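S.K.: for reference, the sequence and a predicted model appear below.
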Amino acid sequence: MNQKVHTEPVRFTSDDYAARMVRVVEDAAEVGLNGVLATPGPDLVWLTGYQPTAITERLTMLVLAPDEHPTLLVPALERSDAEAAEGSSSVTVVDWADGTDPYEAARHLLPPDGRFGVSDSAWALHLLGLQTTLPDTRYRALSASLPMMRAVKDSNELGRLAMAGAAADATYGEIVKLRFAGRRETEVAADLARLLREFGHEQVDFTIVGSGPNGANPHHEAGDRVIEQGDAVVLDFGGLMYGYGSDTSRTVYVGEPSAEVRAVHEVVRLAQQAAFEAVRPGIACQEIDRAARAVITEAGYGEAFIHRTGHGIGVTTHEPPYMVEGEEQTLRPGMCFSIEPGIYLAGRFGVRIEDIVTVTDTTGERFNNTDHALRTVE
């Protein structure tokens, strides 16, 4: 087995991080915010390259505001780690010591009556502490105030997502060579995790293996059910590679598929293709959902398609934008998201097909390229 399916990506520079911070400040001002507060999680990683080794109860917060140099407030014991981050030269690191009040330290960095966008990952503990210390400040979730903050990827980010997609494809190419019948779902899930790591992932986020009736639960956790001849098996797996996500789904069948399973799988395949063909700059995200849903509804399975058609992906495997009815954000070149329609027949079986797609100047391009046909396995 060839386990080398990737090359080292181009490193992000301090200029890359600085440009992101400048753009975020400008975008925040346009929506009436006085600044942005990024806490440990995907926002902080994307803006600075810094990811604390352990997210604890100690306050860590990047403060971005117009006409102010970016400032990263960290616990004193983590200062050296923060200063070693890729984007550290673009920020001023300020620390607070155990036994002192971190919110008093934050007071000196924030206007007393400011309106801030704050990371969705912020602890309620810290938000309440800021509100107590600065009672006239106001806060909005970044997913609500700047939902497209990380949505448009640059060429370096696109390259990493492409490598992650290729690694996920290689994982699928190997898993279908293994035996399914007579093995527990957890065993197949462990193989998926092992293969993702062998092909370059540093983090495995999920390995869904839904066999037989378990496949009708879109987020089924792999369990002790023994996979049997005659089972449809939904495989959905992904994680992070070079800091960027993969996420793909295919449905396989143990033995010779029934006519019904073949028919349902074909409906999902056509729905996935219709949604992909709808991708182009300038259309609303909801149009991708509508394209897939129309095919499934026309085939008589509308009530069995029970989730949105897709989600954004980047430094985390789920992020804005979302391909769902009511989402009027328009597609722009560089956006990346999943297209994953499914049909779920309770108590019987499920089918899902998922690719990661990016928007080009004229259309869409897949980062997953394994065959969409119903694959039979042993």
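M.R.: Perfect, thanks for sending it. Numbering: from 1, shown residues only.
S.K.: going forward, measure contacts between C-alpha atoms and count neighbours the same way
M.R.: Will do.
S.K.: give the residue spans of this structure that score low on pLDDT.
M.R.: Within the chain, the set of residues satisfying pLDDT under 70 comprises 1-6, 54-55.
S.K.: how does it divide into domains?
M.R.: Domain segmentation of the chain under automatic domain parsing yields 14-145, 155-377.
S.K.: now the ones you listed as CSV including distance to residue 7?
M.R.: Supplementary listing: those in CSV, determined by distance: least, C-alpha to C-alpha, whole Å:
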stretch, distance to residue 7
domain 14-145, 20
domain 155-377, 8
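S.K.: deepest of the ones you listed, which one?
M.R.: Between the domains of the chain, the one whose residues have the most neighbours on average, counting mean count of other C-alpha atoms under 10 Å, is domain 155-377 (a mean of 21).
S.K.: hang on, residue 150 is in a helix, isn't it?
M.R.: No - for residue 150, which was evaluated using DSSP: H, G, I helix; E, B strand; the rest coil, the result is coil, with no helix membership.
S.K.: next, count neighbours for it.
M.R.: Residue 150 sits with 21 neighbouring residues when counted by other C-alpha atoms under 10 Å.
S.K.: what's it in contact with, if anything?
M.R.: Listed by C-alpha atoms under 8 Å, 6 or more residues apart in numbering, the contact set of residue 150 reads 46, 314.
S.K.: again, but for the one 3 residues further on
M.R.: Taking C-alpha under 8 Å, 6+ apart as the definition of contact, the neighbours of residue 153 are 334, 335, 336.
S.K.: distance-wise, check it relative to residue 299.
M.R.: Residue 153 sits at a distance of 36 Å from residue 299 (criterion: C-alpha to C-alpha, to the nearest Å).
S.K.: same question for residue 232.
M.R.: Residue 232 sits 20 Å away from residue 299 when distances are taken as C-alpha to C-alpha.
S.K.: got it, and residue 166?
M.R.: Residue 166 sits 32 Å away from residue 299 when distances are taken as C-alpha to C-alpha.
S.K.: which helix is the longest one in the chain?
M.R.: helix 155-175 (DSSP state H).
S.K.: following the chain onward from that helix, which element is next?
M.R.: On the C-terminal side of helix 155-175, the closest following helix or strand by DSSP states H and E is helix 185-198.
S.K.: next helix or strand past that following helix?
M.R.: On the C-terminal side of helix 185-198, the nearest following helix or strand under DSSP H and E is strand 203-211.
S.K.: which helices and strands sit right next to that next one?
M.R.: If you count contacts as 3 or more C-alpha pairs under 8 Å, 6 or more residues apart in numbering; DSSP states H and E, strand 203-211 packs onto helix 185-198, strand 232-241.
S.K.: export these to TSV and append columns for distance to residue 67.
M.R.: Formatted as TSV, the entries for the helices and strands packed on strand 203-211 read as follows, by distance: least, C-alpha to C-alpha, whole Å:
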stretch	distance to residue 67
helix 185-198	43
strand 232-241	35
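S.K.: of all the ones you listed, which lies closest to residue 33?
M.R.: Nearest to residue 33, of all those, is strand 232-241, at 31.3 Å by C-alpha to C-alpha.
S.K.: measure residue 96 to residue 40 for me?
M.R.: Taken as C-alpha to C-alpha, the spacing of residue 96 relative to residue 40 amounts to 16 Å.
S.K.: quick one: the helices in the stretch 1-150 of the chain?
M.R.: Under the criterion DSSP state H, counting those that start in this stretch, the stretch 1-150 of the chain contains helices at 14-30, 42-48, 79-83, 102-107, 124-133, 142-145.
S.K.: what helices or strands is the third one leaning on?
M.R.: Counting by 3+ C-alpha pairs under 8 Å, 6+ apart, the packing neighbours recorded for helix 79-83 are strand 92-96.
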